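**Student:** have a look; sequence and predicted model below, questions after that.
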Amino acid sequence: MKIVSIAVSKKKGTRKEAVEEALLQAEHGIVGDAHAGPWHRQVSFLAMEGIQRAQASGLAVGFGDFAENIATEGIDWPKIPVGARFRLGNEVLVEITQIGKECHKKCAIYYQAGDCIMPREGVFARVIAGGAIRCGDEIIPVEGAADEKG
């Protein structure tokens with residue numbers, strides 16, 4: 001399980017631009033990203049496999065196009081329970097806070113791509129411990145974390 005893409009944007013509801021590395025701040029999110037802040041959806045995750053399925057169905061999309069912060073390989077995010085924790089790279093610890101989301105209106109991503117898989121396949125997390133992450137970093141589940149409060 002690893003990070004295959006990191007992406008950020010200055011505005012919500014838009015495609016994100018890929019970056020090679022990012023700094024995550026505890027209880028904030030990715031420094032410089034529009035979704036960062038003191039709430040439960042500080043960082044978003046989407047499986048590379050979901051993006052590939054969207055491409056196979058004919059959508060011209062790539063990393064960051066669904067406004068995900070971190071695209072991953074080897075994790076089926078919708079099956080991960082709320083409260084699960086993951087170590088990203090050497091320093092960062094995140095806790096899953098929400099599976100999927102409700103879209104109240106169709107965003108720019110939907111109109112540009114023709115569909116958005118984020119409401120169905122994306123997950124959101126808060127940052128427990130900050131630090132730097134890079135593309136290629138390992139993602140390691142932290143056992144027993146779903147039972148802890150932090």
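**Tutor:** Received the coordinates, thanks.

**Student:** low-scoring stretches of this protein, by residue?
**Tutor:** 102-117, 119, 144-150 (pLDDT under 70).

**Student:** in this structure, which spans are strands?
**Tutor:** Counting by DSSP state E, the chain has strands at residues 2-8, 17-19, 21-25, 29-30, 43-47, 70-73, 85-88, 92-99, 123-129, 131-134, 139-142.

**Student:** could those strands go into JSON lines alongside distance to Lys79 and mean neighbour count?
**Tutor:** Using the backbone N, CA and C atoms, a C-beta is placed for each residue, glycine as well. Listed next are the strands of the chain as JSON lines, based on distance: least, C-beta to C-beta, whole Å; neighbours: other C-beta atoms under 10 Å:
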{"stretch": "strand 2-8", "distance to Lys79": "18", "mean neighbour count": "21"}
{"stretch": "strand 17-19", "distance to Lys79": "26", "mean neighbour count": "15"}
{"stretch": "strand 21-25", "distance to Lys79": "24", "mean neighbour count": "19"}
{"stretch": "strand 29-30", "distance to Lys79": "23", "mean neighbour count": "27"}
{"stretch": "strand 43-47", "distance to Lys79": "10", "mean neighbour count": "25"}
{"stretch": "strand 70-73", "distance to Lys79": "13", "mean neighbour count": "22"}
{"stretch": "strand 85-88", "distance to Lys79": "14", "mean neighbour count": "22"}
{"stretch": "strand 92-99", "distance to Lys79": "9", "mean neighbour count": "20"}
{"stretch": "strand 123-129", "distance to Lys79": "10", "mean neighbour count": "22"}
{"stretch": "strand 131-134", "distance to Lys79": "23", "mean neighbour count": "18"}
{"stretch": "strand 139-142", "distance to Lys79": "12", "mean neighbour count": "16"}
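
**Student:** want to throw the ones you listed into JSON lines with distance to Arg53?
**Tutor:** Shown next, in JSON lines, are the strands of the chain (distance: least, C-beta to C-beta, whole Å):
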{"stretch": "strand 2-8", "distance to Arg53": "15"}
{"stretch": "strand 17-19", "distance to Arg53": "20"}
{"stretch": "strand 21-25", "distance to Arg53": "25"}
{"stretch": "strand 29-30", "distance to Arg53": "25"}
{"stretch": "strand 43-47", "distance to Arg53": "9"}
{"stretch": "strand 70-73", "distance to Arg53": "13"}
{"stretch": "strand 85-88", "distance to Arg53": "22"}
{"stretch": "strand 92-99", "distance to Arg53": "18"}
{"stretch": "strand 123-129", "distance to Arg53": "16"}
{"stretch": "strand 131-134", "distance to Arg53": "25"}
{"stretch": "strand 139-142", "distance to Arg53": "20"}
